[in-house]
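Chemist: turn this into a model:
(chains A, B and C)
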Amino acid sequence: MTGVRKFVNSVGLPRLIIGIFFIALIISGLALGLNPQFLFSDIIRRWLMYSILVLAMVPGVQSGIGLNFGISLGVVSGLVGVVIAMEVAFNGGWFLHLGAAAAWLSLLLALVIAIVIAALVGAAYGLLLNRVKGSEMTVSTYVGFSSIAMMNIVWVILNFKNGQLRWPIGRGLRNTASLQESFGGLLSDPRIYETARSITISPEVSDVGSIKVKQPAGLSFLAIDVADSGFILPLGLILVFALCCLVVWLFFRSKTGVALSAAGENELFTRANGINVDRMRILGTSISTVFGAVGIIIYAQTYGFLQLYNAPLMMGFTAVASILLGGATVTRARISNVIIGTLLFQGILTVALPVANQLVNVSALPEVMRMIISNGIILYALSKTKGGNQR
Amino acid sequence: MNQNKRLTLETKDSFADRLKTLLFDNKVMIVFALLCYGAFVVSGSQIETVLSEVFTRIARNGFTVLALLIPVFAGMGLNFGIVIGAIAAQIAVFATVYWRFTGFGGMMLAVALATPMAILFGYLVGKLFNKMKGAEMIAGLILGYFADGLYQLLFLVLIGGVIPATDPRFIIDGGMGVKNAIDLTGSLKYTLDRVQIIDLALGLFIIIAVITAGKLILHLRKKRSFEHKDWIIFAVVAVIYGLTYLPAIEKHLFADRVNLIVALPLFLAFVALRNLYHLYRNRKTAMPGFSRTRSIFMIVLAGVVFGLTYVPRLEALIMSVNLPVLPFILIAGLCAFNNGLLNTRLGQNMRTVGQSQTVAAASGIDVDRTRVIAMVLSTVLACWGQLIYLQNIGTFSTYGAHLQIGQFAVAALLVGGASVSKATNKQALIGVTLFHLLFIIAPQAGRELFGDAMVGEYFRVFVSYGVIALSLAMHAWQRKIRKEDPEFPDEVPSKPATALAHKVKEAD
Amino acid sequence: METPYLLSMDNITKEYFGNRVLKNVSLKIKPGEIHALMGENGAGKSTLMNVLFGMPVIHQTGGFEGQVQLEGKVIRIQDPQGAMKYGIGMVHQEFMLIPDFTVTENIKVGREIGRSSILPLMDRVFGRDLDHMEWEKMSTDSRKALDSIGMMNIEEYAKVAGMPIGFQQFVEIAREIDKTGIKLLVFDEPTAVLTESEADRLLEIMRLIASRGIAIIFITHRLDEVMEVADSLTILRDGEFIARKDVVETDLVEIAQLMIGRSVEKLVDDSAEDTRRIDDDRIALELINYRVDMPGEKVRQINVKIREGEIFGFGGLAGQGKIGIHNGIQGLFETEGSVIVHGEKLDLSKRGEALRKDIAFVSEDRRGVGLLLGESIERNIIFSAMQVKNEFLKGRFIDRKKSRQHVEAMIKLLDIRCTGPEQTVGSLSGGNQQKVCLARALTLKPNILMVAEPTRGIDIGAKKLVLEYLRKINLEEGTTIVVISSELAELRSICDRIAIVSEGKISAVLAPDASDADYGLAMSGLSREDVSA
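Modeler: Sure thing, here's the model as predicted:
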């Protein structure tokens, strides 16, 4: 009896329930005759797709700002980066001049722009959070919402030329822009290294209309279709995520990282050691925002589409719920929490859809499940945090 | 120190200083009013249409916004959890129309079904909030989403899937889940808006009669004294009801709407009388919060506004607006309820709990219970507010009607100048007016300015989020400054105080 | 049974987790008497009051022995509300007032007068919840209560926010007076936050209340106030009843002596030969007109010179400001005046300035300020040296090998009982946590070490070890050590000189072997001259 309780305590009740549920879902999915290659490919793809966004929570939590619902600011910065990169590439006729390298260059440009914007926005946001110490979560939720709403206005007004981005008539950007003619799938889709893609060239650059571009087969190790079985190993994604984890891991082994982490754990202690706690919190917020920006770009390239407007509204909640599910608390988070939490959370949602489709014909079921699980977990975590985040 | 000097409340500030404070205290409202005015000018809308639309929306949403006040009194902040009350209302409405109940009776059934549900939900929310003291707002927000998930599960899967339901009017063809939209036309639509004045008079008469009878019975059983006052109230109401039988009066009473030209003077008279009463009560000593200047100003203002109604242009404008009677009476009733509650022991306890849980617990107030009651009241009121909303709008989206309720109600309240810790009826009403004014004209203004109505749509969403973000940030900021201010040492209770408050198990 | 006493608490004994904090203590008060309850911090005053008020903390830890009689009848008080019913009230040191409420609302909080609702049956269903508030009656009551303590100049409808502190205190008193049948009032350090004229006024009010037959227990450290206003007094020391005296029969010196008592326990073995050279010209740390704005521990004005190589102590009662001294130097609170280290003025506006000037600190608040409870022993020990002096770093990253070596050496040196450097500090015992704090400070290789409450909450064995180690580094390394402690015995056993801080100022600098009376008088801010004058 005590052994059981000890086990439950060490794993954590929510993780145990969700874990069992996850395994049960996989088993029932396989029993229902789902293709295991596709199922596991999907799980891995979605796991990695979301993991950097979840990783963005770690610096925030460690620096003491709590669960960063305002990750939307990072997301928005990332979207701005991608949109600008795509427009620049289109107007400059990059694909015509550079061929396959243009896709990589677009990705790089998007990342650079996004990181710069996110670092600045994050620092400003950190300043705000320092002013509202003790209520960070409530404020950050609504700052996140506002930023998405504000960007909606920007998306409507922007007058871009790239046909992938803009509405065919009128102005403003599409709800969902395809990344097929940019960097979509570079890190995760084996087909991109097998067949050529058709790319539209801006009529202002050249009148060739569209050209075919194929990524060099030499890079095909980035997305491997293992033994042509349909089981896809997105090595590129894995490498990028591993790199991000390494950066975070190294950071928390550095002098600054240690100080930042102490600022989140015990503000008085940190101040007593002559460290500027507010500056550490700004740094943590900024890093968190940058990872949010990188996260959404990697997300978009894996998904193959860029979702503008209200799509990223609840992304902060998903990320928060994932890391909590992985065992983080409002004040402490680790990389292992990110990995476990994202696997469980995204894994369940991935498996739930095909399984639910086999059982009942309700396509919205996974979305309903996402709402119940993610918000249930956040509530559970808040009720465990004595007194919540204010007072 | 001058021992002879009496400490008085009124500080003698110069007029300019007072004006400055007045403007500063109402900054959100003023900025919003200017914004509305600008948008209105840009949009080039017809003032008649806008005005009548605004009043429709006040009738539709006012009640829900007022339902937010009680948790603010009790120090629980802005109750984003009212979504849960709305969910109770929607379940009840669905059941009512599914069982084919219609009309006013159907509405009463919906109320009867929804209220116990809302009480239960409110109780559970209150219990949960007691576990997360200080984090009520974020908890309420997330709880709203969580409840929405459960609601969707109920309507998408359980109804038809587990709970037998086959009616093709509501159920998706496959036999599982409820359709996207539920049409209330012919069932509950306008059931409250269309209640005639004469029925309201009858209703009032019956209620007073029942209360008087109750008092009489108690009196006969020697449980309570029966006062002359009780007879007088009954007699007055009976006479009023009797008057409705006079044909000359009766013929006006079959209406379900009142023109603003009738309602406005009534309202102004109420304002004037109320201020006169205050002047009378405070004629000798000034109670706190009373200002002679303000009362006189309000009376004059009421008179001026009444005079303005005789300006032909304005008169025509005012006459173009008709108000549904019952919703506005309900809104007025809720305002009275909010005020009345503050004058009861429960209300005073809520205020004490809201100000300091430590002091409340040390004074023998059951903090947790008070907070739960506040949540129950707010949830039930929000539930009724949603019923008023649904019957007015006439058709509702099964999966969307409740979503933005908490969001918009909170934003409206804040626009009126309320804050996380302080809110009044007046702020709620002004807020709902301004907020919906912007909602009505923003798309048109967006089209005129940017050639795209979507800009206006997104702008109003941005404003509603932004207003909340701003006001939460301001509140947190001020609290932080106050905490650091050594003038308030009582933020950290001394040891005996902490021990006294032990019952609440309050976390620091 | 006839008794002259209103309240008598007889042979009260109370244990917390096997630790006896009250041993056979008795307290007796007559109606209309002002009775001072005196003793150092930890003497048992607050525990005795907790027993009287039936605080939950008493019941939850197994109750108490002995009996409480009110007017000759044995009573059992279960909770503070019960105490109120018996007519026992307390005026708190920090006010239980709501700033945004009016005076009347504050006086009547939780005891509002209501009339049952106008609707029938409501009171049956909702109890007294829906009672209509009768503010006029309540205002009248408040006025009466305020008038009865001579506070004609407080308006009953004014808001409390913005009132002078003294007035707030009077509102608190009015609230207690307004409670029906009040027989006994406890004043807990009421004058601590008041200005001098306000304090005089308060004493006047206490006499006024007592003259109406209400008994008063007056908890204070100010001996002069006791002499001025009290009729009798009870002195506690280390949880024991020392004496009950009538004020007319005693004098300041005797009270001071009784409060301190003679300490016989030897905390430290000082057989080692003292080879230190302490010179009045070589000053390690000098404070000039030094003020610290630390809430609850305000330093008002301190001037002191601490010599190189000595062990200097700051003593005094809680709340008097000794804790503010090192916290100010550490930069945790706003300071004024100069702090001069080895002849060089510290710029305290710069963060971490003291640390860089080789001053190390061990905080009195171990868990709050002293440690990262969730981190490993290793992280805690190297933290300051890494952040302040860039030690244990390879480039920008932690040098694991070097840090591990150092931490293992420290664990051995200070005998920290743990499973290894990776164990989290939160799971260590209090004594071992204190050693980790000390190890962190020593890792900075300080010239001056400021240690606050070095032995708070640790067992006797660890206590001895910590104190002896402090003495050892003082002797061997020549480190100047400043000890800030509430335990006089501890200061007297290791310090060369001890400054007693009272009301934010140094009231005396004494030798460890000065008399108890000197210490007692210094603690209440008086000196021998005051007494003879």
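Chemist: all strands of the stretch 51-200 of chain B, in order?
Modeler: Counting by DSSP state E, counting those that start in this stretch, the stretch 51-200 of chain B forms strands over residues B:181-183, given from the N-terminal end onward.
Chemist: with the stretch 101-250 of chain C instead?
Modeler: With DSSP E, counting those that start in this stretch as the criterion, the stretch 101-250 of chain C has strands spanning C:114-115, C:132-133, C:184-188, C:215-219, C:232-237, C:240-246.
Chemist: next up, the contacts around the residue lying closest to B:Leu143 once chain neighbours are set aside.
Modeler: Counting by CB to CB, 6 or more residues apart in numbering or on different chains, the nearest residue to B:Leu143 once its immediate chain neighbours are dropped is B:Gly81, at 5.2 Å. For the C-beta atoms, the positions are set from N, CA and C on the backbone; glycine is no exception. Shown here is B:Gly81, whose contacts under the criterion CB atoms under 8 Å, 6 or more residues apart in numbering or on different chains are B:125, B:129, B:139-141, B:143-144, B:375, B:378-379, B:406.
Chemist: residues contacting stretch B:166-186, please?
Modeler: Outside stretch B:166-186, the residues within contact range by CB under 8 Å, 6+ apart are A:360-362, B:93-94, B:97-98, B:102, B:155-157, B:159-161, B:165, B:390-391, B:394-399.
Chemist: hmm, I was thinking of stretch A:283-293
Modeler: Residues outside stretch A:283-293 that contact it (CB under 8 Å, 6+ apart) are A:52-53, A:55-60, A:62-65, A:68, A:70-75, A:77-78, A:81, A:114-115, A:117-119, A:121-123, A:125-126, A:129, A:244, A:248, A:251, A:256, A:260, A:263-264.
Chemist: picking up where we left off before, now the strands of the stretch 101-250 of chain C in JSON lines, with distance to C:Val451?
Modeler: What follows is the strands of the stretch 101-250 of chain C, written out as JSON lines (distance: least, CB to CB, whole Å):
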{"stretch": "strand C:114-115", "distance to C:Val451": "56"}
{"stretch": "strand C:132-133", "distance to C:Val451": "55"}
{"stretch": "strand C:184-188", "distance to C:Val451": "30"}
{"stretch": "strand C:215-219", "distance to C:Val451": "29"}
{"stretch": "strand C:232-237", "distance to C:Val451": "25"}
{"stretch": "strand C:240-246", "distance to C:Val451": "29"}
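Chemist: need those in JSON lines (columns: distance to chain B, mean pLDDT and mean neighbour count).
Modeler: What follows is those, written out as JSON lines (distance: least, CB to the nearest CB, whole Å; pLDDT from 0 to 100; neighbours: other CB atoms under 10 Å in any protein chain shown):
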{"stretch": "strand C:114-115", "distance to chain B": "5", "mean pLDDT": "80", "mean neighbour count": "15"}
{"stretch": "strand C:132-133", "distance to chain B": "5", "mean pLDDT": "84", "mean neighbour count": "17"}
{"stretch": "strand C:184-188", "distance to chain B": "7", "mean pLDDT": "89", "mean neighbour count": "23"}
{"stretch": "strand C:215-219", "distance to chain B": "11", "mean pLDDT": "91", "mean neighbour count": "23"}
{"stretch": "strand C:232-237", "distance to chain B": "17", "mean pLDDT": "89", "mean neighbour count": "22"}
{"stretch": "strand C:240-246", "distance to chain B": "21", "mean pLDDT": "87", "mean neighbour count": "16"}
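Chemist: quick check on the residue of chain B at minimum distance from chain A: phi, psi?
Modeler: Proximity to chain A, evaluated over chain B using CB to the nearest CB, is greatest for B:Ala135 at 2.3 Å. Reported as degrees, to the nearest 10, the phi and psi values for B:Ala135 are phi -110, psi 30.
Chemist: tell me the centre residue of the chain?
Modeler: I went with chain A, as the question did not name one. For chain A, the residue whose C-alpha lies nearest the mean C-alpha position (CA atoms, centre = their mean) is A:Leu53; its distance is 3.0 Å.
Chemist: hmm, I had chain C in mind actually
Modeler: When chain C is reduced to its mean C-alpha position, the closest residue under CA atoms, centre = their mean turns out to be C:Ala318, at 3.0 Å.
Chemist: report pLDDT for it.
Modeler: Residue-level confidence at C:Ala318 comes out at 79, pLDDT.
Chemist: which residues touch it?
Modeler: Neighbour list for C:Ala318: C:41, C:486 [criterion: CB under 8 Å, 6+ apart].
Chemist: OK, now which residue of the stretch 301-450 of chain B is nearest to chain C?
Modeler: Closest contact between the stretch 301-450 of chain B and chain C, by CB to the nearest CB, is at B:Ser363 (2.7 Å).
Chemist: my guess is that residue contacts C:Arg111. True?
Modeler: Yes: in this structure, B:Ser363 sits in contact with C:Arg111. The criterion is CB atoms under 8 Å, and the distance is 7.2 Å.
Chemist: could you pull out the helices for the stretch 351-500 of chain B?
Modeler: B:357-362, B:367-393, B:405-415, B:425-450, B:453-484, B:495-500 (DSSP state H, counting those that start in this stretch).
Chemist: comparing these, which comes out most buried?
Modeler: Ranked by mean neighbour count under mean count of other CB atoms under 10 Å in any protein chain shown, these are led by helix B:405-415, which reaches a mean of 27.
Chemist: so that one, near chain A or not?
Modeler: No: counting by CB under 8 Å from any CB of the partner chain, no contacts exist between helix B:405-415 and chain A, the nearest distance being 8.6 Å.
Chemist: same question for that helix, mean pLDDT?
Modeler: The pLDDT scores in helix B:405-415 average 87.
Chemist: which residues are contacting the helix or strand containing C:Met9?
Modeler: Using DSSP states H and E, C:Met9 maps to strand C:7-16. Contacts of strand C:7-16 from elsewhere in the structure, counted by CB under 8 Å, 6+ apart, are C:20-29, C:47-48, C:51-52, C:58, C:61-62, C:64-70, C:88, C:184, C:215.
Chemist: would you tell me what the next helix or strand after the strand or helix carrying B:Ile261 is?
Modeler: Secondary-structure assignment from DSSP H and E places B:Ile261 in helix B:260-281. Proceeding N to C from helix B:260-281, the next assigned helix or strand is helix B:292-308, under DSSP H and E.
Chemist: can you give the contact residues for the following helix or strand past that next one?
Modeler: Secondary structure here is assigned by DSSP H and E; on that basis, the next helix or strand after helix B:292-308 toward the C-terminus is helix B:312-319. The contact list for helix B:312-319, computed with CB under 8 Å, 6+ apart, reads B:47-48, B:51, B:259-261, B:264, B:308-309.
Chemist: please repeat the previous calculation with a cut-off of 6 Å.
Modeler: Contacts to helix B:312-319, defined as CB atoms under 6 Å, 6 or more residues apart in numbering or on different chains, come from residues B:259-261, B:308-309.
Chemist: just the buried residues of these.
Modeler: Of all the contacts of helix B:312-319 considered here, the ones buried according to neighbour count by 16 or more other CB atoms under 10 Å in any protein chain shown are B:260-261, B:309.
Chemist: any chance of these in JSON lines, plus distance to chain C and pLDDT?
Modeler: Formatted as JSON lines, these follow (distance: CB to the nearest CB, whole Å; pLDDT from 0 to 100):
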{"residue": "B:Leu260", "distance to chain C": "33", "pLDDT": "84"}
{"residue": "B:Ile261", "distance to chain C": "34", "pLDDT": "84"}
{"residue": "B:Thr309", "distance to chain C": "35", "pLDDT": "87"}
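Chemist: tell me the one among the residues you listed nearest to C:Arg379.
Modeler: Proximity of these to C:Arg379, judged by CB to CB, is greatest for B:Leu260, which lies at 70.4 Å.
Chemist: elements contacting the helix or strand harbouring C:Leu521?
Modeler: Taking DSSP H and E as the definition, C:Leu521 sits inside helix C:516-523. In terms of contacts (3 or more CB pairs under 6 Å, 6 or more residues apart in numbering or on different chains; DSSP states H and E), helix C:516-523 is packed against helix C:252-260, strand C:505-510.
Chemist: thank you kindly, that will do.
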